[in-house]
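Novice: build the 3D model from these lines:
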Amino acid sequence: MTSNILDLRSRYKDEYGFTTVTKSSFEVEKGFSEAVVKEISRIKNDPEWLKAFRLKAFAHFLKRPMPKWGADLDVINFDEITYYVRPTDNPQATSWEELPPEIRNTFDRLGIPEAEKKFLAGVGGQFESENVYHSLQENLKKQGVVFVDPDTGLNPTEERIKQLNLDKTAMENANKKFREWFGKVVPIEDNKFAALNSTVFSGGSFIYIPPHVEIALPLQAYFRINRENVGQFERTLIIADEGSKLHYIEGCSAPMYSDEKHSLHSAVVEIVALPGSTVRYTTLQNWSNNVYNLVTKRAYAYESATVEWLDANIGSRITMKYPSVFMLGPHAKADILSVAYAGKGQHQDSGGKAVHMAPFTTSKIISKSVSKDGGRSSYRGLLHIAKGATNAKSTVRCDALLLDEISRTDTYPYNEINEDTATVTHEASVGKIGEDLIFYLMSRGLTEQQALSMIVNGFLEVFSKELPMEYAVEFNRLIQLEMTGSVG
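Specialist: Numbers count the residues shown, from 1 in each chain. Coordinates of the predicted model:
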């Protein structure tokens with residue numbers, strides 16, 4: 001069996017890694033400086049408090065050292081990045097036809113408009129640093145649901161409300177919620193890259209679900225980086241009010257460049273799940289191998305609330321991402337399911353964090369990783385049960401699959417149990433695909449490639465079966481073995 005049997009990324013360039021020729025309407029000068037931060041604040045018409053927020057974050061980023069654990073981040077040159085690129089002067093579109101043709105064609109090739117028609121309740125599309133498209137079904141607007149970009153959530157002007165056909169009363173209520181929670185779940189000081197995002201953030205999603213409103217179909221946001229040496233720093237805030245229910249899906253992609261060209265993606269996601277609500281947040285991370293993906297995702301779950309992170313990391317050169325749930329009320333629940341594929345030149349450092357701060361809370365963390373062609377996958381997780389969080393229950397399971405002798409997998413679990421009444425299980429396994437299993441499947445009529453495909457798909461089925469059918473098909477397609485020349 002050769003090391004070329006499974007090349008999950010071999011068709012990336014044709015399907016996702018294409019480059020769209022566009023001309024930005026505005027961009028800041030390259031490099032990270034106070035002048036750049038002030039210019040971003042000026043072009044986005046920030047109020048004074050938000051400008052001060054950015055400058056405070058800028059100062060914290062400069063004094064905070066680079067993390068020395070995890071992947072090697074010393075290769076990132078922050079002065080080679082352009083931190084804000086506005087792709088068009090056109091107002092944010094509410095129909096795909098309103099977009100400039102080259103941007104619309106990009107989203108068409110990625111299949112986003114077609115997905116919206118078939119099985120989504122709303123869609124947001126970001127290109128470089130700004131949201132260029134947003135839609136939400138009218139029946140949800142009438143129920144008070146808000147799904148907009150953060151600029152609109154922050155400052156819902158009469159002009160913006162009219163342009164996006166929003167309900168004024170709903171937006172005014174949501175704006176109060178935005179101001180209440182923005183930057184509270186992930187504060188500036190949380191880590192170096194949370195500070196970076198807080199300094200230059202632009203784009204993302206703001207969602208507010210009123211009490212007892214359940215959204216049957218998913219909302220989706222798609223993030224596209226189109227140029228080399230560009231940073232994308234979206235910020236997402238989701239507030240699920242009491243008894244509400246939401247499934248949010250995010251996808252992403254970027255062109256492939258030469259090895260010396262890179263882009264930086266550093267997002268912040270804040271979720272507030274108020275009592276009795278349920279939020280499922282699904283990520284299909286499919287960046288090109290030229291992107292450094294450094295993301296902070298955190299949720300607060302209050303009494304009887306449930307937060308589910310479904311997190312797939314297939315792309316990027318380096319990913320460092322650990323979705324977390326702080327269970328702050330009794331009977332809150334956290335489910336974190338993380339899968340990763342690490343191929344040649346990739347390091348996927350991912351996992352999850354479950355923090356039990358209240359009695360009778362439950363959590364489950366499941367991590368699955370596949371490594372090949374010298375790729376490295378790392379599980380990094382935290383289970384914390386605080387004193388007073390009585391009768392908490394948690395299960396952690398980490399499974400890794402190595403497809404050759406030169407790949408690597410690591411596990412870094414941290415368990416901090418401060419309650420004698422806690423029930424905790426932790427399991428971990430590392431496996432290789434044996435020649436005898438491949439031989440057996442081939443004796444049943446499968447090719448070597450098909451046999452390996454069946455094994456890997458079965459290994460990752462725990463993730464794909466949780467997705468809506470259309471996304472499960474897409475996820476499985478990303479790891480299919482129909483790549484030309486993948487068997488040597």
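
Novice: would you map the strands across the stretch 101-250 of the chain?
Specialist: 122-127, 130-136, 146-148, 204-209, 219-224, 231-232, 235-240, 245-253 (DSSP state E, counting those that start in this stretch).

Novice: now render those strands as JSON lines, adding distance to Arg179 and mean neighbour count.
Specialist: All C-beta spots, glycine's among them, are computed from the backbone N, C-alpha and C. What follows is the strands of the stretch 101-250 of the chain, written out as JSON lines (distance: least, C-beta to C-beta, whole Å; neighbours: other C-beta atoms under 10 Å):
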{"stretch": "strand 122-127", "distance to Arg179": "21", "mean neighbour count": "26"}
{"stretch": "strand 130-136", "distance to Arg179": "20", "mean neighbour count": "23"}
{"stretch": "strand 146-148", "distance to Arg179": "13", "mean neighbour count": "27"}
{"stretch": "strand 204-209", "distance to Arg179": "11", "mean neighbour count": "27"}
{"stretch": "strand 219-224", "distance to Arg179": "21", "mean neighbour count": "24"}
{"stretch": "strand 231-232", "distance to Arg179": "24", "mean neighbour count": "26"}
{"stretch": "strand 235-240", "distance to Arg179": "10", "mean neighbour count": "25"}
{"stretch": "strand 245-253", "distance to Arg179": "21", "mean neighbour count": "22"}
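
Novice: just send the ones you listed back as JSON lines, with mean pLDDT too.
Specialist: Below are the strands of the stretch 101-250 of the chain laid out as JSON lines (pLDDT from 0 to 100):
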{"stretch": "strand 122-127", "mean pLDDT": "96"}
{"stretch": "strand 130-136", "mean pLDDT": "95"}
{"stretch": "strand 146-148", "mean pLDDT": "96"}
{"stretch": "strand 204-209", "mean pLDDT": "97"}
{"stretch": "strand 219-224", "mean pLDDT": "96"}
{"stretch": "strand 231-232", "mean pLDDT": "96"}
{"stretch": "strand 235-240", "mean pLDDT": "98"}
{"stretch": "strand 245-253", "mean pLDDT": "95"}
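
Novice: look up how far Pro156 lies from the spatially most central residue of the chain.
Specialist: In the chain, the centroid-proximal residue (C-alpha atoms, centre = their mean) is Thr283; its distance is 4.8 Å. Counting by C-beta to C-beta, to the nearest Å, the separation of Thr283 from Pro156 is 27 Å.

Novice: same question for Asn139.
Specialist: 21 Å.

Novice: between these two, which one's more packed in?
Specialist: Between Asn139 and Pro156, counted using other C-beta atoms under 10 Å, the more crowded position is Pro156 (22 against 9).

Novice: residue contacts, that one?
Specialist: Val148, Leu166, Lys168, Met171, Glu172, Ala174, Asn175 (C-beta atoms under 8 Å, 6 or more residues apart in numbering).

Novice: give me the subset of these that lies in helices.
Specialist: Among those, the residues falling in helices (DSSP state H) are Lys168, Met171, Glu172, Ala174, Asn175.

Novice: and the closest residue to the first one other than its chain neighbours, how far is that from Glu130?
Specialist: Right, Lys168. Closest residue to Lys168 apart from its sequence neighbours, by C-beta to C-beta, 6 or more residues apart in numbering: Ile161 at 5.5 Å. Note on Ile161: its distance to Glu130, by C-beta to C-beta, is 18 Å.

Novice: one more: Lys184?
Specialist: In terms of C-beta to C-beta, Lys184 sits 24 Å off from Glu130.

Novice: again with Thr283
Specialist: 21 Å.

Novice: what of Asp436?
Specialist: 54 Å.

Novice: check Leu55 too.
Specialist: Leu55 is 21 Å from Glu130, by C-beta to C-beta.

Novice: equivalent analysis for Asn155, please.
Specialist: 15 Å.

Novice: now swap in Phe18 and tell me
Specialist: Phe18 is 21 Å from Glu130, by C-beta to C-beta.

Novice: next one, pLDDT for Met469 please.
Specialist: On pLDDT, Met469 comes in at 66.

Novice: for the one 10 residues further on, same thing?
Specialist: Ile479 is assigned 58 on the pLDDT scale.

Novice: which residues does Val85 form a beta bridge with?
Specialist: Glu27 (DSSP bridges).

Novice: Val37 is nearest to which of the strands of the stretch 101-250 of the chain?
Specialist: strand 231-232 (12.5 Å; C-beta to C-beta).

Novice: which residue ranges of the stretch 301-450 of the chain form strands?
Specialist: Applying DSSP E, counting those that start in this stretch to the stretch 301-450 of the chain gives strands spanning 306-313, 318-321, 324-327, 333-342, 347-356, 362-371, 376-385, 393-402, 408-417, 423-432.

Novice: residues contacting Val339?
Specialist: Contacts of Val339 (C-beta under 8 Å, 6+ apart): Asp311, Ala312, Asn313, Ser367, Lys368, Ser369, Leu460, Val462, Phe463.

Novice: neighbours of Phe193, just the number please.
Specialist: Neighbours of Phe193 (other C-beta under 10 Å): 23.

Novice: can you check Leu50 too?
Specialist: 17.

Novice: could you do the one 4 residues further on as well?
Specialist: Under the neighbour criterion other C-beta under 10 Å, Arg54 is assigned a count of 21.

Novice: shouldn't it be in contact with Leu196?
Specialist: No. Between Arg54 and Leu196 there is no contact under C-beta atoms under 8 Å: 10.8 Å.

Novice: tell me the helices and strands packed up against the helix ranked longest in the chain.
Specialist: Taking DSSP H as the criterion, the chain has its longest helix at helix 48-63. When contacts are defined as 3 or more C-beta pairs under 8 Å, 6 or more residues apart in numbering; DSSP states H and E, helix 48-63 sits against helix 34-43, helix 192-200.

Novice: can you tell me which of those helices is packed in deepest?
Specialist: helix 192-200 (a mean of 25; mean count of other C-beta atoms under 10 Å).

Novice: who touches it?
Specialist: 36-37, 40, 53-55, 57-58, 60-61, 64-67, 83-84, 183, 186-189, 231, 233, 235, 266-268, 294-296.

Novice: average pLDDT for that helix?
Specialist: Helix 192-200 comes out at a mean pLDDT of 98.

Novice: how far is it from where the chain is centred?
Specialist: Averaging C-alpha positions (C-alpha atoms, centre = their mean, to the nearest Å) puts helix 192-200 16 Å from its chain's average.

Novice: could you check the angle that helix makes with helix 48-63?
Specialist: 140 degrees (axes from the mean of the first three to the mean of the last three C-alpha atoms, to 10 degrees).
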